[in-house]
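Chemist: structure for this input, please:
(2 chains)
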2 protein chains.
Amino acid sequence: MTLPAPGSREPLPAGFVDALRARFGERFSTAEAVRAHHGHDESHFPDMLPDAVVWPHTTGEVVEIARACHAHRVPIVPFGVGSSLEGHVLALHGGLSVDFSQMNRVLAIHGDDMDAVIQPGITRKQLNAALHGTGLFFPVDPGADASLGGMASTRASGTNAVRYGTMRDNVMALEVVLADGRVIRTGGRARKSSAGYDLTALMVGSEGTLGLVTELTVRLHPLPEAVSAAVCAFPDVDDAVRTVIQTIQLGVPVARIELLDTLTVQAINRYSKTSLREAPMLFFEFHGSAAGVEEQAQTVQEIARENGGKDFEWATRPEDRSRLWAARHDVYFASINLRPGCRGVTTDVCVPISRLADCIAGAREDIAASGFIAPIVGHVGDGNFHTVILVDPDSADEIARAEALNRRIVERALAMDGTCTGEHGIGFGKQDFLVAEHGDAAVDAMRALKLSLDPHNLMNPGKVVRAG
Amino acid sequence: MTLPAPGSREPLPAGFVDALRARFGERFSTAEAVRAHHGHDESHFPDMLPDAVVWPHTTGEVVEIARACHAHRVPIVPFGVGSSLEGHVLALHGGLSVDFSQMNRVLAIHGDDMDAVIQPGITRKQLNAALHGTGLFFPVDPGADASLGGMASTRASGTNAVRYGTMRDNVMALEVVLADGRVIRTGGRARKSSAGYDLTALMVGSEGTLGLVTELTVRLHPLPEAVSAAVCAFPDVDDAVRTVIQTIQLGVPVARIELLDTLTVQAINRYSKTSLREAPMLFFEFHGSAAGVEEQAQTVQEIARENGGKDFEWATRPEDRSRLWAARHDVYFASINLRPGCRGVTTDVCVPISRLADCIAGAREDIAASGFIAPIVGHVGDGNFHTVILVDPDSADEIARAEALNRRIVERALAMDGTCTGEHGIGFGKQDFLVAEHGDAAVDAMRALKLSLDPHNLMNPGKVVRAG
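Modeler: Numbers count the residues shown, from 1 in each chain, chains lettered A, B, ... in the order given. Just a heads-up that it's a prediction; the model follows:
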């Protein structure tokens, strides 16, 4: 992809800076270190700093910020915790980073209706801590302790989407500040509605390019009566994948079913001080009534055994489960740790479940041919898997070769009716894949929609669709 | 609401009529009887005839039709089976009705991936017949044997949405012909994706105002291993509603949980020749493993008993279940039958489950004060219920009073964080409610989106948002 030339950035107008500094005081900064923090994420892309950062506390303040940016034609880049893997927070055209970390309150918990109204800066761990004692939880779990606003913006999912769905399924309503400062409310707290266009779904996954999310109403779920987790090793990745496919096709409502290849298990053992058998492995979690969990586990054990799975190792105590899933969540950092000083080029394809074995087998061949260290890990119940290609960030050659490897994996997934991104988003690195996946006409339609709400292309410009 | 004056209709350009007649032959008609059939639905609104009707067979033909309409600025109104309750098929501004009944093929069934690719004219019964023997079914069931294209367009749901979701959750991908004849493909067959704006969700529920759906990929579900159904009578509607609320809050995964008030049960007994106890009643259906169904049924029986529910009557044989649900599905016609010659003004509010008892109690008071015959029936597991207000279609006074009653019910639902329509859509009768529910700014955003894809307002003009 081509990055914008540094010269394409206009300095912030002096009047704009003075006005925001006067209005926000300590909550507005142009300091280099602050800008550096906000121009950096977990992707392999080079940092691209915003010109200034502001920390709003209320929707009204976000409106003021949007109006000021609109009046001065200053780009706006929303910032959660910076855990994006696709460069979403990078300020391609400079402008203002709006950091939502101080808008992180729970506004309401409606236990009887199983929903919560929250500000966008709250992280998933903070939200679940706030739900402690209610008997409810928020299930979407992308691994990183991301902000809910960021998760909504990338349509995030993660380990238990196979049971509880993605952000698409768990965001009921939004408050959004548009480019010109107008505030819209989308969706509602009713469990379903046919009232007009589904603006909530349009905003979820729009990566900050249509507006700034200032409030979310999210669906909560009852804590399961019983939970059990297990790991199971397999002779080969193929055997594990076949186990997954059969489990899903049988309709077993597994809560989590995660694949780790041998290299990933080795990385985890080294990074998280675990002693897992170093072989391809599935991590399972079952949620339900005591009897239901038992029934699910038995069915899956049989399927695994038929596919050569070695004994299930059960994690029955909550602390064992936590350790297991903490290790799974650290996979990204454990992988990066396999090669000191490297960064990860992370693939994120997702295919129909019947094609998963072929898709992963093809990816393994590509990786072997590439010579890269690239562990494979996946939310395989959804047909989604990642390879973390470890590259030297200072080697243009390695980055180009890693991007070529990613491209081969994406092209294969698209040929299998899959998607170039299951959960990380388009950012600016996958715009050509977006066209390859949906076609010019659909991407033109996306661009028309974008410009109808943001005619000056101020909202996270350069991401999702090229509209400049 | 105000209907457009008859004088606001332009006659079709002669060149347009000649060209379509030459191209489509017998599949193009301007006959009065044909137009009358296509200008009529199940709503109480007066018929409004299109100027002509065409029956395409392929996406390519739909493209030709759209291009011709675009060139001549002729409005397009899509037509499925005419079962809309909100006047969606009425040709407010004349134009061409595009009847999809001959585009009703199943294009692919992917059993291993649990999805099917279909044309929009197929009805839900036709689809399920085509799935016979696959072990899979399509769950969304709005009662009427509606077309899938129509169901997608109104974001339909029905009796088992409480378990399987609405059309929002069960449409994975679409092919859509835009106003100028461009064809876009949205979504895909992967179980999840973060690739760009969710055009599928934007199209689902857009009531034909953004484009013509020419192909759908829908999610299928495994036929449950075990099914059981039951009816249970209650002393009062309140007791039944409390049973529903407690069942949902406990997280019991009921497949269907339907409320019928005494008047509805009487209407069913008369119309469907059943002998149900004439009292407020819940219809239940449980899906799952044999043990799971047993567990669910026991839990719900206990809850019902605590709320004064009389003995569950089980329908264990498939033919008994079919009779029960056929009677439930005929509720609309059974209700209409209570007053010969009448039509129904159907309310469709949906509220957070905790407010359902209050919302229904308020509606009952309003109905009692109104003097109308208006049975209550509902998909109460979602917080959604209907009242069918029986009006003399020739009495402007009755229609005005029925609309006032509907308005009171809607205003109460909105005050309870609910929606004016759970599943029937906005059409042209609920546009003011749409503004009341979402606010001017959100509806302005919907209008901007609409005009970005359909700048001449040719696609089902006058529905959802006023864009003329």
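Chemist: show me where pLDDT drops low in chain A?
Modeler: A:1-8 (pLDDT under 70).
Chemist: tell me the domain boundaries of it?
Modeler: Under the assignment automatic domain parsing, the domains of chain A span A:11-101, A:104-222, A:226-331, A:339-433.
Chemist: need those in CSV (columns: distance to B:Gly196).
Modeler: C-beta coordinates here come from the backbone N, C-alpha and C atoms, glycine included. Converted to CSV, the domains of chain A look like this (distance: least, Cβ to Cβ, whole Å):
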stretch, distance to B:Gly196
domain A:11-101, 12
domain A:104-222, 7
domain A:226-331, 25
domain A:339-433, 6
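Chemist: tell me which of these sits most buried.
Modeler: domain A:104-222 (a mean of 23; mean count of other Cβ atoms under 10 Å in any protein chain shown).
Chemist: anything in it near chain B?
Modeler: Yes: with Cβ under 8 Å from any Cβ of the partner chain as the criterion, chain B is reached by domain A:104-222 at A:110, A:112-115, A:154-157, A:161, A:166, A:168-169, A:178, A:182-186, A:188-199, A:201-202, A:204-206, A:210, A:221-222.
Chemist: does the closest residue to A:Ser206 other than its chain neighbours count as helix, strand or coil?
Modeler: Spatially, and ignoring its direct neighbours in sequence, A:Ser206 is nearest to B:Tyr197 (5.7 Å; Cβ to Cβ, 6 or more residues apart in numbering or on different chains). Under DSSP: H, G, I helix; E, B strand; the rest coil, B:Tyr197 falls in the coil class.
Chemist: who are the contact partners of B:Tyr197?
Modeler: Neighbouring residues of B:Tyr197 by Cβ atoms under 8 Å, 6 or more residues apart in numbering or on different chains: A:Leu202, A:Gly205, A:Ser206, A:Leu210, A:Met446, A:Leu449, A:Lys450, A:Val464.
Chemist: same deal with A:Gly251?
Modeler: Listed by Cβ under 8 Å, 6+ apart, the contact set of A:Gly251 reads B:His221, B:Pro222.
Chemist: quick one: what helix or strand has it in it?
Modeler: Counting by DSSP states H and E, no helix or strand carries A:Gly251.
Chemist: what residues does the stretch 301-450 of chain A have near chain B?
Modeler: Counting by Cβ under 8 Å from any Cβ, the residues of the stretch 301-450 of chain A that sit close to chain B are A:348, A:350-354, A:382-384, A:417-426, A:430, A:433-434, A:437-439, A:441-446, A:448-450.
Chemist: strands of the stretch 151-300 of chain A, start to end?
Modeler: A:171-177, A:183-187, A:212-219, A:221-222, A:226-233, A:256-260, A:281-288 (DSSP state E, counting those that start in this stretch).
Chemist: name the strands paired with the shortest one and say parallel or antiparallel.
Modeler: So that's strand A:221-222. strand A:136-137 (antiparallel) (DSSP bridges).
Chemist: one step back: which of the residues of the stretch 301-450 of chain A next to chain B fall in helices?
Modeler: Residues from those lying in helices, with DSSP state H as the criterion: A:433-434, A:437-438, A:441-446, A:448-450.
Chemist: show the buried residues in these.
Modeler: Using 16 or more other Cβ atoms under 10 Å in any protein chain shown as the burial test, these include A:Phe433, A:Leu434, A:Glu437, A:His438, A:Ala442, A:Val443, A:Asp444, A:Ala445, A:Met446, A:Ala448, A:Leu449, A:Lys450 as buried.
Chemist: sorry, back to before: need the max-distance pair from the ones in helices among the residues of the stretch 301-450 of chain A next to chain B.
Modeler: Farthest-apart pair in these is A:Phe433 and A:Ala448; separation 20.2 Å (Cβ to Cβ).
Chemist: contacts only, for the residue most central in space within chain A.
Modeler: Against the mean C-alpha coordinate of chain A, by Cα atoms, centre = their mean, the closest residue is A:Ala156 at 3.8 Å. Contact analysis of A:Ala156 by Cβ under 8 Å, 6+ apart lists A:Val140, A:Pro142, A:Ala146, A:Gly150, A:Thr166, A:Met167, A:Glu423, B:Ser194.
Chemist: I'd say the last one and A:Glu423 touch.
Modeler: Yes: with contact taken as Cβ atoms under 8 Å, B:Ser194 and A:Glu423 are classed as touching, separated by 5.2 Å.
Chemist: what is in contact with those two at once?
Modeler: Residues touching both B:Ser194 and A:Glu423 (Cβ under 8 Å, 6+ apart) are A:Thr154, A:Arg155, A:Ala156, A:Asp348.
Chemist: which residues sit in contact with the first one?
Modeler: In this structure, A:Thr154 makes contact with A:Ser84, A:Glu86, A:His88, A:Met167, A:Gly205, A:Glu207, A:Glu423, A:His424, A:Gly425, B:Ser194, judged by Cβ under 8 Å, 6+ apart.
Chemist: contact partners for the fifth one?
Modeler: With Cβ under 8 Å, 6+ apart as the criterion, the residues that contact A:Gly205 are A:Ala152, A:Ser153, A:Thr154, A:Arg155, A:Met167, A:Arg168, A:Gly425, B:Ser194, B:Gly196, B:Tyr197, B:Asp198.
Chemist: just put those residues in a markdown table and tack on distance to A:Gln301.
Modeler: As requested, those are arranged in a markdown table below (distance: Cβ to Cβ, whole Å):
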| residue | distance to A:Gln301 |
| --- | --- |
| A:Ala152 | 36 |
| A:Ser153 | 39 |
| A:Thr154 | 35 |
| A:Arg155 | 33 |
| A:Met167 | 32 |
| A:Arg168 | 32 |
| A:Gly425 | 36 |
| B:Ser194 | 33 |
| B:Gly196 | 40 |
| B:Tyr197 | 42 |
| B:Asp198 | 37 |
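Chemist: B:Val244: which of those residues is nearest?
Modeler: A:Arg168 (26.5 Å).
Chemist: give me the beta-bridge partners of the residue lying closest to A:Asp311 once chain neighbours are set aside?
Modeler: Setting aside the residues directly before and after it, A:Asp311 is nearest to A:Cys232 in space (Cβ to Cβ, 6+ apart), at 7.4 Å. A:Cys232 forms beta bridges with A:Leu282, as assigned by DSSP bridges.
Chemist: A:Cys232 touches A:Trp314, doesn't it?
Modeler: No: when contacts are counted by Cβ under 8 Å, A:Cys232 is not listed as touching A:Trp314 (10.0 Å).
Chemist: pull the most distant pair out of the contacts of A:Thr154.
Modeler: The distance between the two most remote of those (Cβ to Cβ) is 15.1 Å, for A:Glu86 and A:Met167.
Chemist: in three-state terms, label A:Ser97 for me.
Modeler: Following three-state DSSP, A:Ser97 is assigned to strand.
Chemist: what's the distance between it and A:Met446?
Modeler: 24 Å (Cβ to Cβ, to the nearest Å).
Chemist: ok, A:Ala14 next?
Modeler: A:Ala14 sits at a distance of 35 Å from A:Met446 (criterion: Cβ to Cβ).
Chemist: start to end distance for stretch A:371-389?
Modeler: 10 Å (Cα to Cα, to the nearest Å).
Chemist: list every C-alpha atom in the longest helix seen in chain A, with coordinates, as PDB.
Modeler: Of all segments of type helix in chain A, defined using DSSP H, the longest is helix A:396-415. Only the C-alpha atoms of helix A:396-415 are listed here, as PDB (Å, rounded to 0.1, in the frame of the first residue of the first chain):
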ATOM      1  CA  ALA A 396      11.500  -3.200   3.800                       C
ATOM      2  CA  ASP A 397      12.200  -6.600   2.100                       C
ATOM      3  CA  GLU A 398      10.800  -8.600   4.900                       C
ATOM      4  CA  ILE A 399       7.700  -6.400   5.200                       C
ATOM      5  CA  ALA A 400       7.100  -6.700   1.500                       C
ATOM      6  CA  ARG A 401       7.500 -10.500   1.600                       C
ATOM      7  CA  ALA A 402       5.200 -10.700   4.600                       C
ATOM      8  CA  GLU A 403       2.600  -8.700   2.900                       C
ATOM      9  CA  ALA A 404       2.900 -11.000  -0.100                       C
ATOM     10  CA  LEU A 405       2.300 -14.000   2.100                       C
ATOM     11  CA  ASN A 406      -0.700 -12.300   3.700                       C
ATOM     12  CA  ARG A 407      -2.000 -11.500   0.200                       C
ATOM     13  CA  ARG A 408      -1.700 -15.200  -0.800                       C
ATOM     14  CA  ILE A 409      -3.600 -16.300   2.300                       C
ATOM     15  CA  VAL A 410      -6.300 -13.700   1.700                       C
ATOM     16  CA  GLU A 411      -6.700 -14.600  -2.000                       C
ATOM     17  CA  ARG A 412      -7.200 -18.200  -1.100                       C
ATOM     18  CA  ALA A 413      -9.800 -17.300   1.500                       C
ATOM     19  CA  LEU A 414     -11.700 -15.100  -1.000                       C
ATOM     20  CA  ALA A 415     -11.600 -17.900  -3.500                       C
END
